[in-house]
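Q: Have a look at this prediction, sequence included:
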Amino acid sequence: MSGKATVISPANIAFIKYWGAVDFDRAIPTNPSISMTLDACHSRCTAEHVDGSGDDEVHLAQPDGSLTDAPESFVRGVRNHLDRIREHTGRSGRFRIATANSFPMGAGIASSASGFSALAIAATRALGLEPDEDELSELARMSGSGSASRSVSGGYLEWPAEGSGDRCHAKVIASADHWDLKDVVVLADSSEKKVSSREGHRRAASSPHFARRRELLPARLDATRRAIAERDFDLLAPVLEEEAIELHLIAMSSRPAIFYWKPPTLAILETVRELREAGCPAAATMDAGPNVHVICPAESEEQVFDAVSRVPGIAGVIRDGVGRGPRFSDEHLA
Ligand code: PMV
């Protein structure tokens with residue numbers, strides 16, 4: 001028997017960051033994180049399940065529709081995740097996978113989050129299964145990319161919301177309709193980053209700032225939950241920037257140190273500060289990369305886009321915003 005499914009699954013941007021883990025392989029985080037699911041930044045994945053033995057086939061789909069071989073490390077990550085899915089579902093057989101991103105891979109836009117959530121959803125559907133969102137979140141997390149657990153639903157999510165060990169999954173705390181926030185993603189550099197976030201999680205506890213961050217987090221988590229519930233951008237904005245700077249403070253002071261910033265990163269952060277001083281609500285956040293996500297209410301998106309587009313040296317701007325989560329598609333990649 002064979003089954004085929006295609007899923008479009010979005011990236012997400014963390015307001016409260018996942019940085020540091022108690023179990024690196026299973027991605028059990030040190031602290032809860034809160035994110036907004038994106039829309040324009042997504043991965044499309046076609047999974048076809050076929051009976052029989054042999055290696056899973058993994059291809060990258062190009063814009064012209066052709067399929068190319070994926071890099072070896074990418075193939076390894078996908079096959080490992082498919083092994084976990086086979087183990088979890090008790091099913092055998094192999095998969096043919098084709099995948100494509102709407103944005104540059106490995107550049108600090110959560111390509112692993114959208115990629116692994118798309119893979120988990122497409123592979124289980126190709127097996128004829130329909131796991132609920134909690135189980136999909138756990139399966140996506142088991143890829144080793146914890147943030148993938150927050151890409152299986154739309155709106156605003158907290159992870160872990162409940163459950164421990166392998167039942168550690170994300171939960172929606174507000175829908176996409178609840179608050180129309182935008183994310184203007186400014187690419188400071190679109191090349192692949194040199195130190196993976198997996199390695200960043202491993203080094204985090206070696207920073208002298210890691211323990212202090214854990215003391216500060218409960219108040220920030222509360223403020224973020226409240227800001228989302230009450231659609232209070234003034235409450236959210238300072239938390240967003242504190243979180244982004246602290247993630248990079250910890251990375252830069254880890255042993256060995258990790259520097260994700262590039263020269264345009266600082267110029268973008270300054271532009272966001274100037275916008276705010278001029279009365280435009282906007283706040284910057286960053287994941288493990290040089291790019292800056294400018295979060296703002298829908299009314300200020302145009303002004304933010306105009307200002308950041310003029311920053312010298314940037315590699316591009318992507319207009320995104322809160323999204324409704326993964327969806328199935330009949331447009332298969334292979
Ligand atoms: O999911 P990972 O292992 O790629 O880690 C993601 C870490 C950050 O993007 C920096 C923060 C987050 O919570 O998404």
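A: It's in.

Q: So which bits of this protein are right by the ligand?
A: 14, 17-19, 33, 110, 112-113, 145-147, 197-198, 247, 287-288 (CB under 6 Å from any ligand atom). From N, CA and C alone the C-beta is placed, and that goes for glycine too.

Q: List the contacts of residue 156.
A: In this structure, residue 156 makes contact with 34-37, 172-175, 178-179, 228, 322, judged by CB atoms under 8 Å, 6 or more residues apart in numbering.

Q: Please identify the one among those that lies nearest to residue 80.
A: Distance from residue 80 was checked for each of the contacts of residue 156 by CB to CB. The minimum falls on residue 35, at 23.7 Å.

Q: State the number of residues packed around the closest one.
A: Using other CB atoms under 10 Å, the number of residues around residue 35 comes to 27.

Q: What residues sit buried inside whichever helix or strand it is part of?
A: With secondary structure defined by DSSP states H and E, residue 35 is part of strand 33-50. By 16 or more other CB atoms under 10 Å, the buried positions in strand 33-50 come out as 33-39, 41-50.

Q: what comes into contact with stretch 267-282?
A: 186, 188, 233-234, 237, 283-284, 292, 294-297, 299-300, 303-304, 307-308, 310-314.

Q: before we move on, the earlier item: which strands and helices lie in contact with the strand holding residue 35?
A: Under the contact criterion of 3 or more CB pairs under 8 Å, 6 or more residues apart in numbering; DSSP states H and E, strand 33-50 touches strand 3-16, strand 94-101, helix 111-126, strand 156-162, strand 181-187, helix 210-229, strand 316-321.

Q: can you list contacts of the very next helix or strand once past it?
A: Under the assignment DSSP H and E, the closest C-terminal helix or strand after strand 33-50 is strand 57-61. For strand 57-61, the external contacting residues (CB under 8 Å, 6+ apart) are 44, 46, 67-70, 74-75, 78-79, 94-100, 333-334.

Q: what separates strand 57-61 from the chain centre, distance-wise?
A: Centroid separation for strand 57-61 versus its chain: 21 Å, with CA atoms, centre = their mean, to the nearest Å.

Q: thinking again about what came up before, now the buried members of the contacts of stretch 267-282.
A: Burial by neighbour count, judged by 16+ other CB under 10 Å, picks out 186, 188, 233, 237, 283-284, 292, 294-297, 300, 303-304, 307-308, 311, 314 from the contacts of stretch 267-282.

Q: Narrow those to those in helices?
A: Secondary structure assignment by DSSP state H places 233, 237, 303-304, 307-308 of those in helices.

Q: Can you add pLDDT and give the residues you listed back as TSV?
A: Below are those laid out as TSV (pLDDT from 0 to 100):
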residue	pLDDT
233	98
237	98
303	98
304	98
307	98
308	98
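
Q: of all these, which comes closest to the ligand?
A: Within the set of those, residue 237 lies nearest the ligand; the separation is 18.2 Å, counting by CB to the nearest ligand atom.

Q: Tell me how far that closest one lies from residue 36.
A: Remark: distance between residue 237 and residue 36 (CB to CB, to the nearest Å) = 14 Å.

Q: give the contact list for the residue of the stretch 51-200 of the chain found nearest the ligand.
A: Ranked by CB to the nearest ligand atom, the top residue of the stretch 51-200 of the chain for proximity to the ligand is residue 147, at 3.2 Å. Residue 147 is in contact with 12, 14, 18, 33, 35, 110, 112-113, 197, counting by CB under 8 Å, 6+ apart.

Q: Top of those residues by number of neighbours, please.
A: Counting neighbours by other CB under 10 Å, the top entry in the contacts of residue 147 is residue 12, with 34 neighbours.

Q: what sits opposite the residue lying closest to it once chain neighbours are set aside in the beta ladder?
A: When the adjacent residues along the chain are set aside, residue 12 lies closest to residue 35, with 4.3 Å between them (CB to CB, 6 or more residues apart in numbering). Beta-bridge pairing of residue 35 under DSSP bridges involves residue 14, residue 157.
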